[in-house]
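*Asks:* I'll drop the sequence and a predicted model, then ask my questions.
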Number of protein chains: 2
Amino acid sequence: MERADRQFVDAFARGLAILEALSRAQRPLSNGELSRATGLPPSTVSRLTHTAMELGYLRFSQSKRAYELTPKNLALGYPVLAGMTMLDRAKPMLKQLSEETGETVGLVIRDGLHVTFVEVVQGSELVAVRLATGGRLPVAVSAAGIAILAAMPERDRRLLAARVCAHLAKRGGNVEAFKANLAEACELGISFIRDAWRRGIGGIAVALEDNGEMAAITIPIATGSVSEADMRGRLADALKGTVTTLWGP
Amino acid sequence: MERADRQFVDAFARGLAILEALSRAQRPLSNGELSRATGLPPSTVSRLTHTAMELGYLRFSQSKRAYELTPKNLALGYPVLAGMTMLDRAKPMLKQLSEETGETVGLVIRDGLHVTFVEVVQGSELVAVRLATGGRLPVAVSAAGIAILAAMPERDRRLLAARVCAHLAKRGGNVEAFKANLAEACELGISFIRDAWRRGIGGIAVALEDNGEMAAITIPIATGSVSEADMRGRLADALKGTVTTLWGP
DNA sequence: AAAAGCCTTTCCGCAGTGCGGAATAGTTGG
DNA sequence: CCAACTATTCCGCACTGCGGAAAGGCTTTT
């Protein structure tokens, strides 16, 4: 039996799949739940969780009868944050925007076909999903991802957008909506999304650049309580105003 | 050949060792450097880095000719941050303290025999090491770790302190200094450390508790420019004052 | 330009590691 | 106590991961 990629280490990948399943879950997961989430047999899951526990990346919560990721996992993201020079510069802007609008505000970077939150300032308004550093979603359904795409040089944008479309199509997503949102962001310099990722959640975003680093500042929206008019009016004005004032053109 | 722990998956552990070596390094590492850092042969490193790259956790920087962790790694820490309810409550306090002192301020939690930064507000004063979420160091040589220890119920504190001492002794660390620092923190309700972790770096810290969650708020110190008198006087007063005002007794 | 030096990746024979079904152990609820 | 369910351990086995050697790639030196 010829293997396609003999350099790929399945056991390592399986272990990471377990950590990843936990990072995506809204709560700790039992051995059985991890088995179902990853498609691995329960005994395999047990051996891999045992290994991760020995190394300090997982712990078993007796009260919840389930596994959860430990703070040690934060260390794996440390160099990303420590090396991100624009983060300190962006933080005051996040804070001001959150105070001004009452909304949660985040700084987001792209990573392949996904975007990842690197800083979040909680507002007083509720969004249906808990937002924090490390939160992650596909570019295609994220205001921040679309804003970053729109701000790219045209050649790069076409290439990446094609990959995003292919991936989206393969998963049965709405390619036309993505294209329309991207076109709008290219035209306006700001992106708007509603209910594309999850029901009840949308966002607006503007791209930032600093020393070759690209990111987006975004306001996630609870679409149930923030109207499209408010999003495109008050919030967009505040976002663009703050970026212009504190960041520059 | 009987193996001590047949449930432990070496390949998974080796893969994580590579990610961990990168999380500890001050810069991206080449295949050879990873080999030396982990003790694994270069060909093994190459197969494991290849796997992590395929999965999106690593990328190769052509300009630096070295591997670096991607933002996807932040996702593994997401549930820790998202689940930490005291974080939002602590952030305004961090900000105020940083503004008041001009120093960097962090919120730190314990994780086994280490402590991990979960939030950092940069001050204008320079500390020799870049501080960010995910930064990690041993309890024994960290002001925050000692403050958390000191705030524990006595029984728990004795047990954990014994483990810290054993670990410290095994590594040739200064057990007496640790014990003295812990005793002082128990007496004063605030901990002080100088040059224990690294030359030129110290810190002060006070423990916080909220709904059974325990953390510490800490000011890392550049010992070369902040005197012991200043640390124990001005900075300690500001730290305790802010905690009393914004957090409560 | 060619050779030397160094590093990374791929190859591949091999043995022991990781696998997963079955058995055992542990926990909870009735 | 028994039944049901879940997690862990056992263990035969085969194939996966290993690592030294070879090949490939890149930079520096001659």
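*Replies:* Received the coordinates, thanks.

*Asks:* part of a strand, is residue A:217?
*Replies:* Yes. Per DSSP: H, G, I helix; E, B strand; the rest coil, residue A:217 lies within a strand segment.

*Asks:* if I read this right, it contacts residue A:98, doesn't it?
*Replies:* No. Residue A:217 lies out of contact with residue A:98 (C-beta atoms under 8 Å); the separation is 10.6 Å. Where you see a C-beta, it was placed from the backbone N, CA and C, and this is true even at glycine.

*Asks:* Overlap of the contact sets of those two?
*Replies:* When contacts are counted by C-beta atoms under 8 Å, 6 or more residues apart in numbering or on different chains, the set common to residue A:217 and residue A:98 consists of residue A:105.

*Asks:* Which one's more surrounded, these two?
*Replies:* Set residue A:217 next to residue A:98 and count neighbours by other C-beta atoms under 10 Å in any protein chain shown: residue A:217 wins out with 25 against 21.

*Asks:* ok, the more buried one - contacts?
*Replies:* Shown in contact with residue A:217 (C-beta under 8 Å, 6+ apart): A:90, A:93-94, A:97, A:105-108, A:144, A:205-206, A:208, A:239, A:243.

*Asks:* Generate JSON lines for those, with distance to residue B:40 and secondary structure as supplementary columns.
*Replies:* Shown next, in JSON lines, are these (distance: C-beta to C-beta, whole Å; DSSP: H, G, I helix; E, B strand; the rest coil):
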{"residue": "A:90", "distance to residue B:40": "38", "secondary structure": "helix"}
{"residue": "A:93", "distance to residue B:40": "43", "secondary structure": "helix"}
{"residue": "A:94", "distance to residue B:40": "40", "secondary structure": "helix"}
{"residue": "A:97", "distance to residue B:40": "46", "secondary structure": "helix"}
{"residue": "A:105", "distance to residue B:40": "42", "secondary structure": "strand"}
{"residue": "A:106", "distance to residue B:40": "37", "secondary structure": "strand"}
{"residue": "A:107", "distance to residue B:40": "36", "secondary structure": "strand"}
{"residue": "A:108", "distance to residue B:40": "35", "secondary structure": "strand"}
{"residue": "A:144", "distance to residue B:40": "37", "secondary structure": "helix"}
{"residue": "A:205", "distance to residue B:40": "41", "secondary structure": "strand"}
{"residue": "A:206", "distance to residue B:40": "44", "secondary structure": "strand"}
{"residue": "A:208", "distance to residue B:40": "39", "secondary structure": "strand"}
{"residue": "A:239", "distance to residue B:40": "47", "secondary structure": "helix"}
{"residue": "A:243", "distance to residue B:40": "46", "secondary structure": "helix"}
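
*Asks:* now these in TSV, with neighbour count and pLDDT?
*Replies:* Shown next, in TSV, are those (neighbours: other C-beta atoms under 10 Å in any protein chain shown; pLDDT from 0 to 100):
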residue	neighbour count	pLDDT
A:90	21	93
A:93	20	94
A:94	22	94
A:97	24	95
A:105	27	95
A:106	27	96
A:107	24	97
A:108	30	97
A:144	30	97
A:205	28	97
A:206	26	97
A:208	23	94
A:239	24	96
A:243	20	94
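
*Asks:* Serialize those residues to TSV and add fields for distance to DNA strand C.
*Replies:* Putting the contacts of residue A:217 into TSV (distance: C-beta to the nearest atom of the strand, whole Å) gives the following:
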residue	distance to DNA strand C
A:90	33
A:93	38
A:94	37
A:97	41
A:105	39
A:106	34
A:107	31
A:108	29
A:144	31
A:205	35
A:206	37
A:208	32
A:239	41
A:243	39
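
*Asks:* low-scoring stretches of chain A, by residue?
*Replies:* Applying pLDDT under 70 to chain A flags residues A:1-3, A:249.

*Asks:* What residues does it have near DNA strand C?
*Replies:* A:6-7, A:10-11, A:14, A:40-44, A:47-48, A:65 (C-beta under 7 Å from any atom of the strand).

*Asks:* Could you pick out the buried ones from these?
*Replies:* A:11, A:14, A:40, A:44, A:47, A:48 (16 or more other C-beta atoms under 10 Å in any protein chain shown).

*Asks:* From DNA strand D, how far out is the residue most central in space within chain A?
*Replies:* Taking C-alpha atoms, centre = their mean, the centroid of chain A lies closest to residue A:136, which sits 2.4 Å from it. Distance, residue A:136 to DNA strand D, by C-beta to the nearest atom of the strand, to the nearest Å: 25 Å.

*Asks:* I'd say that residue and residue B:77 touch.
*Replies:* No. The criterion here is C-beta under 8 Å, and residue A:136 misses it with residue B:77 at 11.2 Å.

*Asks:* Residue A:85: neighbour count?
*Replies:* 11.

*Asks:* could you measure it against DNA strand D, distance?
*Replies:* Residue A:85 is 25 Å from DNA strand D, where distance means C-beta to the nearest atom of the strand.

*Asks:* where along chain A do the helices fall?
*Replies:* For chain A, the helices defined by DSSP state H cover A:10-24, A:31-38, A:42-54, A:74-82, A:86-101, A:143-150, A:154-170, A:175-188, A:228-230, A:236-246.

*Asks:* looking at those, which is buried most?
*Replies:* Comparing those by mean neighbour count (mean count of other C-beta atoms under 10 Å in any protein chain shown), helix A:143-150 ranks first with a mean of 30.

*Asks:* How about that helix and chain B, touching?
*Replies:* No. Using C-beta under 8 Å from any C-beta of the partner chain, helix A:143-150 stays clear of chain B, coming no nearer than 12.4 Å.

*Asks:* ok, residue A:202 touching residue A:223?
*Replies:* Yes. Between residue A:202 and residue A:223 there is a contact at 4.6 Å, judged by C-beta under 8 Å.

*Asks:* So for the two, which sits in the more crowded spot?
*Replies:* Neighbours per residue, other C-beta under 10 Å: of residue A:202 and residue A:223, the larger number sits with residue A:202, 24 against 21.

*Asks:* Get me the contact residues on chain A for DNA strand D.
*Replies:* A:1, A:3, A:6, A:8-12, A:30-33, A:35, A:42-43, A:45-47, A:49-50, A:60, A:65-66.

*Asks:* cutoff 6 Å now
*Replies:* Contact residues (C-beta under 6 Å from any atom of the strand) of chain A with DNA strand D: A:3, A:9-11, A:30-32, A:42-43, A:46-47, A:49-50.

*Asks:* just those now: which is nearest residue A:168?
*Replies:* residue A:10 (28.0 Å; C-beta to C-beta).

*Asks:* who touches residue A:70 in this structure?
*Replies:* Taking C-beta under 8 Å, 6+ apart, one finds A:56, A:57, A:58, A:59, B:80, B:111, B:112 in contact with residue A:70.

*Asks:* which two in the residues you listed are spaced the farthest apart?
*Replies:* B:80 and B:112 (13.5 Å).

*Asks:* show me what contacts residue A:61?
*Replies:* Residue A:61 touches A:28, A:67, A:68, counting by C-beta under 8 Å, 6+ apart.
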